[in-house]
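Colleague: show me the folded form of this:
(one chain, ligands or ions: 1)
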Amino acid sequence: MTLDFDRYLAERAAAVNTYLDRHLPSETTYPVSIHRAMRYSLFAGGKRMRPVLVIAASEAVGGSQEAVMPAAGALEMIHTYSLIHDDLPAMDDDSLRRGNPTSHVVFGEAMAILAGDALLTQAFHLLAGTADGSPLDPERRLRAVVVLAKAAGVEGMIGGQVVDIESEGKKVGPETLDYIHHHKTGALMEAAARLGALLGGGDEQEIDRLARFGNEIGLAFQIIDDILDVEGDESLLGKSAGKDQKAGKVTYPQVHGIEAARHRAQDLSEHAVDRVAPFGTAGEPLACLARRIVNRHS
Ligand code: GRG
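Modeller: Numbers count the residues shown, from 1 in each chain. Have a look, this model is predicted:
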């Protein structure tokens, strides 16, 4: 029987939303302004690609969805924080995200900074296991905290963002471009797959295989993001298009040309599909995810 991937995605995303809703203070909890701002960005839409990747990686190694929910929720919180901060006037100065006005436009700059900070902190609260009672092996949970810290910090996403900012308006080569993409976007995707495998109970070989899978689809995802910024429809994207060129950002289409960029994303996706073949039907959602990432319009 072939997998109904749209249904798979919708069910997993709904489970993630329920989990996030339960693990964030309500909008009426004092001080209400910060909780409103955190919830506004977290529930403004979003494809939930990273948490679904966590769950699918767990399922590939025979783990449950419940076991990895803290990691799935944590990934989405960190991703959302990065979007809030990336849109700030001091960074990309953007007014549209997930089809809505950005956090600083609605709540002001100070509250947007704090909402991002609070989501980042809450993510580690969830993963460290102090925010729920889920029974995870303490050694694996500790490893998971380190994986997430590395992926979100200077060795990962922040490192990529720094080189991205410092490369604006400059002519940089393919190596710097790869560094930016692998760190800014790839690190969280790799961490998502690694965390799913780790907390789902996978062995070291499976964890390594799925981390590589996450890395490949992370790069493919960012290349498509670069292409969509040139060719995409703003109403489908839910964010401003054409901003990379305006900001003098270094992108795949700019360094390699649009056709080569498309081929590279396709190659990465096919590699990733091959990588999860040993998991058989348990790896099918991951293969579908790898294909969907390069065929997306938003
Ligand atoms: C400012 C702390 C900080 C980090 C910046 C990840 C990042 C680094 C900035 C976010 C903006 C950006 C262009 C990131 C690249 C990754 C990317 C394509 C994000 C958009 O992810 P989607 O498409 O968004 O999964 P949704 O809204 O669907 O969740």
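Colleague: got the residues of the stretch 151-298 of the chain near the ligand?
Modeller: 157-158, 161, 184-185, 222, 225 (C-beta under 6 Å from any ligand atom). The way it works is simple: take the backbone N, C-alpha and C, and place the C-beta from them, glycine included.
Colleague: tabulate the residues you listed (a markdown table), appending pLDDT.
Modeller: Formatted as a markdown table, those follow (pLDDT from 0 to 100):
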| residue | pLDDT |
| --- | --- |
| Met157 | 98 |
| Ile158 | 98 |
| Gln161 | 96 |
| Lys184 | 96 |
| Thr185 | 96 |
| Gln222 | 94 |
| Asp225 | 92 |
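Colleague: and Ala90, how many neighbours?
Modeller: Applying other C-beta atoms under 10 Å, we find 10 residues neighbouring Ala90.
Colleague: okay, it and the ligand: tell me how far apart.
Modeller: 9 Å (C-beta to the nearest ligand atom, to the nearest Å).
Colleague: so is that residue in a helix, a strand, or just coil?
Modeller: State at Ala90, reduced to three classes by DSSP: H, G, I helix; E, B strand; the rest coil: coil.
Colleague: how close does it sit to Ser26?
Modeller: 30 Å (C-beta to C-beta, to the nearest Å).
Colleague: what of Thr251?
Modeller: Taken as C-beta to C-beta, the span from Thr251 to Ser26 is 40 Å.
Colleague: how about Lys249?
Modeller: 38 Å.
Colleague: could you check which of the two has the larger neighbour count?
Modeller: Using other C-beta under 10 Å as the criterion, Lys249 and Ser26 rank with Lys249 on top: 18 against 10.
Colleague: excluding chain neighbours, give the residue nearest to the more buried one in space.
Modeller: Distances taken as C-beta to C-beta, 6 or more residues apart in numbering put Glu168 closest to Lys249, at 6.1 Å, once the chain neighbours are dropped.
Colleague: tell me the contacts of that neighbour?
Modeller: Contacts for Glu168 (C-beta atoms under 8 Å, 6 or more residues apart in numbering) come out as 247-250.
Colleague: count the neighbours of Arg209 for me.
Modeller: With other C-beta under 10 Å as criterion, Arg209 counts 22.
Colleague: actually Asp6, sorry about that
Modeller: Neighbour tally, Asp6, other C-beta under 10 Å: 10.
Colleague: over to it: give its phi and psi.
Modeller: With angles defined as degrees, to the nearest 10, Asp6 sits at phi -60, psi -40.
Colleague: how close does it sit to Ser298?
Modeller: 14 Å.
Colleague: can you check Gly202 too?
Modeller: 31 Å.
Colleague: who has more neighbours out of these two?
Modeller: Under the neighbour definition other C-beta under 10 Å, Gly202 and Ser298 were set side by side, and Gly202 has more, 23 against 13.
Colleague: that one: what secondary structure?
Modeller: Assignment for Gly202 (three-state DSSP): coil.
Colleague: residues of the helix or strand harbouring Gln161 that come out buried?
Modeller: Taking DSSP states H and E as the criterion, Gln161 maps to helix 157-167. By neighbour count on 16 or more other C-beta atoms under 10 Å, the buried set for helix 157-167 is 157-161, 163-164, 167.
Colleague: helix or strand right after it?
Modeller: helix 174-181.
Colleague: so which other helices or strands are in contact with that next one?
Modeller: Applying 3 or more C-beta pairs under 8 Å, 6 or more residues apart in numbering; DSSP states H and E, one finds that helix 174-181 makes contact with helix 157-167, helix 204-231, helix 252-256.
Colleague: now the last one, how far from the chain's geometric center?
Modeller: Using C-alpha atoms, centre = their mean, to the nearest Å, the mean C-alpha position of helix 252-256 is found 22 Å from that of the whole chain.
Colleague: and the very next helix or strand once past that helix with helix 204-231, angle?
Modeller: Sequence order places helix 258-275 as the next helix or strand after helix 252-256, per DSSP H and E. Orientation check (axes from the mean of the first three to the mean of the last three C-alpha atoms, to 10 degrees): helix 258-275 against helix 204-231 gives 160 degrees.
Colleague: now Glu27: closest residue in space, sequence neighbours ignored.
Modeller: Arg36 (5.1 Å).
Colleague: find me the pLDDT at that neighbour, would you?
Modeller: The pLDDT attached to Arg36 in the predicted structure is 98.
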